[in-house]
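sequence-free structure coming up:
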């Protein structure tokens, strides 16, 4: 086999491949074997028809066409390996010559990862927010704890936001009662807005045994979007009664004896969360710096495919939630589809560039992925997805996502190494030491505090050695 590569641009190449006829013996053998099972020729048993007879019955051109279809993918893959081309899309193949008995020639145009020029990255510095916990933030956390220990007390007044009401619901559409639109004794928090549109407005101001009728759009089923008539009757009204904020509350709500001790513990926890946020912020700012100083060409096909995939995924989510695009734009405060598409494209381009940059850094530093790296990431991702490590590894295998997972782990590891060499200071000029938090912080893929905090907690599940073994082969290739 002979192959040459022509650069069509920074992210696309054309391979010209020529295969001598003798290298097609395997393909011919497979094609004739399959045809022998399919074609029935009088005087010959199935599978025993001579190749010359098959050529006569089917036609030599048809046989050659099937040989080409069988041979091209294998030959193309071999050429990619020999030339060490890092492809990122499916090829556009064109057969340019078939000389029966002599050679097969074809071209393959394909998108490839760009070759990047990396600047010196040994003196990068980023600035993160100061760690400061205010009394107001502590008060907010204590208020959440008080809400958890609140009791419901019946009141003789009209329902207000924050009250809990027991309600009966009856829904009809065009005068017919909806089977799944009626219920009795349902508990509902007024003002929560988590049941159906119009319910809060109807219930607010009603006392026990009072009722109201309103219209609401059906969210699912054959009649989705139709307006149903709903009658709601309030059976009881209960208000939340918060416990007194004192030492007794502290002893009930925590392991501490005094409110001062509880507040100090909350301050410590909030401080730790903000340090975790510093780690995530440092990582994100480091990525922003890389995007600024490294020029990255982006394949249009890759961006369009990712946009299409994300758009389809969003469509499915909206359908499952019973929402329209307009509903989503209103809830997300997005100014229409054009603004949404522009923001999505910007995010996709940024994600693709980041991937190429981290791959290039990993190549330059010869970063490899071992079983321990895979175990740590599987445990972190499994915890984030609320499944066991074994279940998460199984999902990777079933979705054929092992190679992508290993590549992500390698990028994360490269970013972690670079972050270790980055000077991190807060806005006050103090150097931030993330040594104790860095392994978990860098491993976390999200940038918000919740993900960082989750990554700092131990994951549930059994040994990850077995789980990581499922991806060890891919790791060796990374």
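In hand now; what should we look at? Predicted, not measured: the structure shown is a model, and the values here were computed from it. Numbers count the residues shown, from 1 in each chain.

confirm residue 234 sits in a strand?
Yes: counting by DSSP: H, G, I helix; E, B strand; the rest coil, one finds residue 234 located in a strand.

so who does it touch?
Residues in contact with residue 234, defined by CB atoms under 8 Å, 6 or more residues apart in numbering, are 159, 165, 166, 167, 203, 206, 207, 208, 209, 210, 211. Quick note: C-beta positions are derived from backbone N, CA and C, even for glycine.

now these as JSON lines including neighbour count, distance to residue 266 and secondary structure?
Below are these laid out as JSON lines (neighbours: other CB atoms under 10 Å; distance: CB to CB, whole Å; DSSP: H, G, I helix; E, B strand; the rest coil):
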{"residue": "159", "neighbour count": "26", "distance to residue 266": "32", "secondary structure": "coil"}
{"residue": "165", "neighbour count": "23", "distance to residue 266": "32", "secondary structure": "strand"}
{"residue": "166", "neighbour count": "16", "distance to residue 266": "34", "secondary structure": "strand"}
{"residue": "167", "neighbour count": "24", "distance to residue 266": "36", "secondary structure": "strand"}
{"residue": "203", "neighbour count": "27", "distance to residue 266": "35", "secondary structure": "helix"}
{"residue": "206", "neighbour count": "19", "distance to residue 266": "38", "secondary structure": "coil"}
{"residue": "207", "neighbour count": "14", "distance to residue 266": "39", "secondary structure": "coil"}
{"residue": "208", "neighbour count": "17", "distance to residue 266": "38", "secondary structure": "coil"}
{"residue": "209", "neighbour count": "9", "distance to residue 266": "43", "secondary structure": "coil"}
{"residue": "210", "neighbour count": "15", "distance to residue 266": "41", "secondary structure": "coil"}
{"residue": "211", "neighbour count": "15", "distance to residue 266": "43", "secondary structure": "strand"}
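
residue 224 contacts residue 321, doesn't it?
No: counting by CB atoms under 8 Å, residue 224 does not reach residue 321; the two are 11.6 Å apart.

outside of stretch 261-271 itself, list whatever touches it.
With contact meaning CB under 8 Å, 6+ apart, stretch 261-271 is reached by 131, 133, 137, 138, 141, 142, 250, 253, 254, 256.

now residue 331, what are its backbone angles?
Backbone torsions of residue 331, given as degrees, to the nearest 10, read phi -70, psi -40.

let me redo that: residue 388
The phi/psi pair for residue 388 (degrees, to the nearest 10) is phi -80, psi 160.

wouldn't it be in contact with residue 382 here?
Yes: using CB under 8 Å, residue 388 makes contact with residue 382 at a distance of 6.1 Å.

the more surrounded of those two?
A count of neighbours by other CB atoms under 10 Å puts residue 382 above the other of residue 388 and residue 382, at 22 against 18.

neighbours around the closest residue in space to residue 70 that isn't next to it in sequence, how many?
Spatial nearest neighbour of residue 70, chain neighbours left out: residue 27 (4.5 Å); criterion: CB to CB, 6 or more residues apart in numbering. The number of residues packed near residue 27 is 20, by other CB under 10 Å.

which ones are touching residue 27?
By CB under 8 Å, 6+ apart, the neighbours of residue 27 are 67, 70, 71, 74.

repeat for residue 324
Going by CB under 8 Å, 6+ apart, residue 324 touches residue 318.

got the phi and psi for it?
According to degrees, to the nearest 10, residue 324 has phi -100, psi 170.

do a quick rundown of the strands in the stretch 201-350 of the chain.
211-217, 227-241 (DSSP state E, counting those that start in this stretch).

nearest to residue 409, of these?
Proximity to residue 409 (CB to CB) singles out strand 211-217 among the strands of the stretch 201-350 of the chain, at 45.0 Å.

partner strands of that closest one and their direction?
Looking at strand 211-217 with DSSP bridges, its partner strands are strand 227-241 (antiparallel).

and the contacts of stretch 14-23?
1-6, 8, 71, 75-76, 79-80, 83, 85, 91, 96-97, 99-110.

and that stretch, what's its mean pLDDT?
When pLDDT is averaged along stretch 14-23, the result is 93.

list the buried residues of it.
Residues of stretch 14-23 classed as buried: 14, 15, 17, 18, 19, 23 (neighbour count, 16 or more other CB atoms under 10 Å).

and stretch 195-207, by the same measure?
Here stretch 195-207 shows 196, 198, 199, 200, 202, 203, 204, 206 as buried, counting by 16+ other CB under 10 Å.

for ChimeraX, write the select line for the buried members of the contacts of residue 27.
A single ChimeraX command is used to select the members of the contacts of residue 27 judged buried by 16+ other CB under 10 Å:
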select :67,70,71
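
so can I have CSV of the contacts of residue 234 showing distance to residue 63 and pLDDT?
Shown next, in CSV, are these (distance: CB to CB, whole Å; pLDDT from 0 to 100):
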residue, distance to residue 63, pLDDT
159, 80, 93
165, 77, 94
166, 77, 95
167, 74, 94
203, 76, 92
206, 81, 93
207, 86, 93
208, 85, 93
209, 85, 91
210, 83, 93
211, 79, 92
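
what's the closest of those to residue 333?
Residue 333 has its nearest neighbour among these in residue 203, at 26.4 Å by CB to CB.

correct me if wrong: the closest one contacts residue 167.
Yes: contact criterion CB under 8 Å: residue 203 and residue 167 qualify, at 6.8 Å.
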